[in-house]
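Peer 1: Next comes the sequence, and after it the predicted model I'd like to discuss.
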Amino acid sequence: MIDFVKRWTSSEHERTCQELSAYLDDELSTAHRSRLERHLQQCKDCREELASLRQTVELVHALPSVKLPRSFLLHAGEATAQRRVQRARLGYSFLQAATAAATALLILVVSGDALLRYRPIQSAGARRAPQSLAAPTAFDAEPTAGVRSIAPASPLEGVAAEVETSAPAQVQSVQAAPEQSPEVAKALPLEAGSPSPQPAAPMPTDSASQGASPEALVPTSVAQTAKSNTGGVDHVDAGSATAQAAGTIPPPGAPPTATPLPQPAEGMLPTIEPPTVSLPQSPTAAALPAQTVAASAGAQEATATPVRLAALASPPANGTPAPERGQPASATPTWLTPLLTLRPYMRGLERVLAILVAALAAAMVWLRKRKE
Amino acid sequence: MDEQALVAAARRGDVQAFNTLILNYQTLVYNVAFRVLHDEHAASDATQDAFISAFQALRSFRGGSFKAWVLRIVVNACYDQLRMTKRRPTSSLDEMLVDPDHSDILDDHSETPEEYVMRRDLGEVIQAGLDSLPSDQRAVIVLSDVQELSYEEISEATGVSLGTVKSRLSRGRARLRDYLLRRRELEPMHHRLTSG
């Protein structure tokens, strides 16, 4: 009972102390006021508390008024000028935010572009290397100038040298018997491809498979030899070689049905499917004359790109079919696929963003100078 | 012209009418800003910004006490200043009190130099006590005990309820009282606090 009275008295004291401030300002209701006054008569602590608070309020109230350092009147032009300044401040803040946003977007696009650019090359390289090592396709097996022209462009010179050293026998046989029958010529790639665990590459398309000649799989060499045979072109430059690799191959004799590939856009993936070429079974196309080796020597420097494209287009060594055209590398995560579709536009976007950032920065500098 | 008419004219873009209102309130507004910020330049900036903001925002003034409305703007400007500057160390109270150009303390010839020095010292201690308070409690004490505004006006000027005003005032005063009682052992003015 005594504890209860003490607690009740204590809580009453705390509540009273909180009310003392309002009591000093005469902000208590009549009921609260009379109750507090009754408590004050009995509680010495509260009386002392009230006295100290009153002294504090009086001291604060005694603080002198501060004189104005200047007049704060607005001038007629100042009010509108201030509005202009405020508007300029707002504009500057907007410019700052826009510049920051554009810069961040530019960094994002550039890094994204770099990421996309890096990934396909890496995956394509990973795909290409095993083919060069273990999958001498029909192209590799062809002991013509195409093989010789591959050698300098191949990233694996040892493998290329091996191919070259193993090929001369067939080349010589071809040179020795330029009038060999097509059957013999068709057998040559098989012999040349014998070191490889994989036979000749599967035909990429039905139309290509209809062409019994192995040259149907080798657009570069076929194009070169075909041109040499016709005698119409003595020198194959890079552009024409590329065009030939893309499938526009004028065969000797009957014109082939060629499906030209669209020229890849700048920055596109270098995954190009083999050209769909229908070549007639022509003994002249199969039996390559020895002169074509010398005649197409001038095209050696121009074969790097077509050869790489042909190597990419050929199926990998493990027998899995090559990815379809436009499809990213198999290692590319799925979340990256939609970004790949944006890639052709990224260069333009980068330029636009760079110009935008530069313009915004210039506008900020101009505004700052004007403000000063 | 009464205040409502001046406000109405200022809302129509009459700068002279608004200047009349400024003349009526600039001392009050500046004093509140100075006591809250304890910095002459910051207080000047807050006061000027408050009047410019008030002129530009007059369309949003829905009537009521123009004084409380302007005080609310300046209190918010003070909070902004405090947030921005994070309270730089201040020593401007000395300058304010000693500078004869800005002080009328020495004009009171009934006050002896000793009394003046004592009062100046006391003023420093009290301002230091105000500076030690949280900004919300300081603003309420300045409005109540320095400028003697009513609870309703303080509530309107600070944008909080009456209960919050009472609570902040009670806690702020108790805290300030404790601060002054602690300082009385260091300052020769303790007898004023105990015997005053």
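Peer 2: Looks like it came in fine. Numbering: from 1, shown residues only, chains lettered A, B, ... in the order given.

Peer 1: And the next helix or strand past whichever strand or helix holds A:Ser21?
Peer 2: Taking DSSP states H and E as the definition, one finds A:Ser21 inside helix A:2-24. Going down the chain from helix A:2-24, the next helix or strand is helix A:30-42, by DSSP H and E.

Peer 1: Dihedrals phi and psi, the closest residue to chain A within chain B?
Peer 2: Proximity of chain B to chain A (Cβ to the nearest Cβ) peaks at B:Ser170, 3.8 Å away. (Glycine included, C-beta is placed from N, CA and C.) Dihedral pair for B:Ser170: phi -60, psi -50, per degrees, to the nearest 10.

Peer 1: give the contact list for it.
Peer 2: A:17-18, A:20-22 (Cβ atoms under 8 Å, 6 or more residues apart in numbering or on different chains).

Peer 1: What of B:Leu58?
Peer 2: So B:Leu58 contacts B:7, B:10-11, B:18 (Cβ under 8 Å, 6+ apart).

Peer 1: Compare the contacts of B:Ser170 and tell me which is most surrounded.
Peer 2: Neighbour counts for the contacts of B:Ser170, by other Cβ atoms under 10 Å in any protein chain shown, peak at A:Ser21, which reaches 24 neighbours.

Peer 1: Look at that one and report its pLDDT.
Peer 2: For A:Ser21, the model assigns a pLDDT of 91.

Peer 1: tell me the contacts of it?
Peer 2: A:53, B:166, B:169-170, B:173-174.

Peer 1: Show me which of these is closest to A:Ile107.
Peer 2: B:Leu169 (52.5 Å; Cβ to Cβ).

Peer 1: quick revisit: least confident pick among the contacts of B:Leu58?
Peer 2: Within these, pLDDT is lowest for B:Arg11, at 87.

Peer 1: What ranges in the chain fall below the confidence cut-off?
Peer 2: Went with chain A since none was named. For chain A, the stretches with pLDDT under 70 are A:1-14, A:17, A:78-84, A:86, A:119-333, A:335-336, A:371-372.

Peer 1: meant chain B, my bad for not saying
Peer 2: B:1, B:86-120, B:184-196.

Peer 1: residue ranges of the helices in it, please?
Peer 2: B:3-11, B:15-37, B:40-56, B:66-85, B:92-98, B:113-131, B:135-141, B:151-158, B:162-183, B:190-195 (DSSP state H).

Peer 1: Just give the number of residues close to B:Gln26.
Peer 2: B:Gln26 sits with 21 neighbouring residues when counted by other Cβ under 10 Å.

Peer 1: whoops, I mixed them up, A:Ile107
Peer 2: Going by other Cβ under 10 Å, the residues that sit close to A:Ile107 add up to 12.

Peer 1: From A:Met346, how far off is it?
Peer 2: 13 Å (Cβ to Cβ, to the nearest Å).

Peer 1: swap in A:Gln55?
Peer 2: 75 Å.

Peer 1: same deal with B:Ala50?
Peer 2: 50 Å.

Peer 1: Contact partners for the residue nearest to the spatial centre of chain B?
Peer 2: What sits nearest the mean C-alpha location of chain B, by Cα atoms, centre = their mean, is B:Val32, with 1.6 Å. B:Val32 makes contacts with B:71, B:74-75, B:78, B:139, B:142-143, B:146-147, as judged by Cβ under 8 Å, 6+ apart.

Peer 1: need the residues of chain A near chain B, please.
Peer 2: Residues of chain A lying close to chain B by Cβ under 8 Å from any Cβ of the partner chain are A:17-18, A:20-22, A:25, A:27, A:52-53, A:55-76, A:79, A:82-83, A:86.

Peer 1: now those residues: which count as buried?
Peer 2: A:17, A:20-22, A:27, A:52-53, A:55-57, A:59-60, A:63-64, A:66-69, A:72, A:74, A:79, A:82 (16 or more other Cβ atoms under 10 Å in any protein chain shown).

Peer 1: so which of the helices of chain B comes closest to A:Phe94?
Peer 2: Nearest of the helices of chain B (Cβ to Cβ): helix B:40-56, 18.5 Å.

Peer 1: okay but A:Thr16 is in contact with A:Gln42, surely?
Peer 2: No: with contact defined as Cβ atoms under 8 Å, A:Thr16 does not reach A:Gln42; the gap is 10.3 Å.

Peer 1: neighbour count winner among these two?
Peer 2: A:Thr16 (20 against 10).

Peer 1: With A:Leu53 as the reference, measure out to the more buried one.
Peer 2: 12 Å.

Peer 1: Repeat that for A:Ser111.
Peer 2: A:Ser111 is 64 Å from A:Leu53, by Cβ to Cβ.

Peer 1: and if you look at B:Gly172?
Peer 2: B:Gly172 is 11 Å from A:Leu53, by Cβ to Cβ.

Peer 1: Could you do B:Gln147 as well?
Peer 2: 18 Å.

Peer 1: Kindly report the same for B:Val70.
Peer 2: 29 Å.

Peer 1: who's in contact with B:Leu37?
Peer 2: Neighbours of B:Leu37 in contact, by Cβ under 8 Å, 6+ apart: B:43, B:46, B:78, B:81-82.

Peer 1: Apart from its chain neighbours, what residue comes closest to it?
Peer 2: B:Ala43 (5.0 Å; Cβ to Cβ, 6 or more residues apart in numbering or on different chains).

Peer 1: Give me the number of neighbouring residues for that neighbour.
Peer 2: That count, for B:Ala43 with other Cβ under 10 Å as the rule, works out to 28.

Peer 1: Go ahead and confirm it touches B:Ala33.
Peer 2: Yes: using Cβ under 8 Å, B:Ala43 is in contact with B:Ala33, at 4.0 Å.

Peer 1: what sits against B:Gln171?
Peer 2: Residue B:171: Arg, not Gln. B:Gln137.

Peer 1: Nearest spatial neighbour of the residue in the stretch 1-150 of chain A positioned nearest to chain B, chain-adjacent residues omitted?
Peer 2: Closest residue of the stretch 1-150 of chain A to chain B, Cβ to the nearest Cβ: A:Ser21 (3.8 Å). Among residues not flanking A:Ser21 along the chain, B:Ser170 sits closest, at 3.8 Å (Cβ to Cβ, 6+ apart).

Peer 1: gap between the one you found and B:Gln48?
Peer 2: Taken as Cβ to Cβ, the span from B:Ser170 to B:Gln48 is 33 Å.

Peer 1: What of B:Arg171?
Peer 2: 32 Å.

Peer 1: Tell me the backbone dihedrals of A:Ser29, please.
Peer 2: phi -70, psi 170.

Peer 1: Look up how far A:Arg47 lies from it.
Peer 2: The gap separating A:Ser29 from A:Arg47 is 21 Å, by Cβ to Cβ.

Peer 1: and if you look at B:Lys67?
Peer 2: When B:Lys67 is compared with A:Arg47 (using Cβ to Cβ), they lie 36 Å apart.

Peer 1: Then B:Asp178?
Peer 2: For B:Asp178, the distance to A:Arg47 - Cβ to Cβ - is 18 Å.

Peer 1: What of A:Ser111?
Peer 2: 73 Å.

Peer 1: Compare those two (neighbour count), which wins?
Peer 2: More crowded of A:Ser111 and A:Arg47, by other Cβ under 10 Å: A:Arg47, with 14 against 10.
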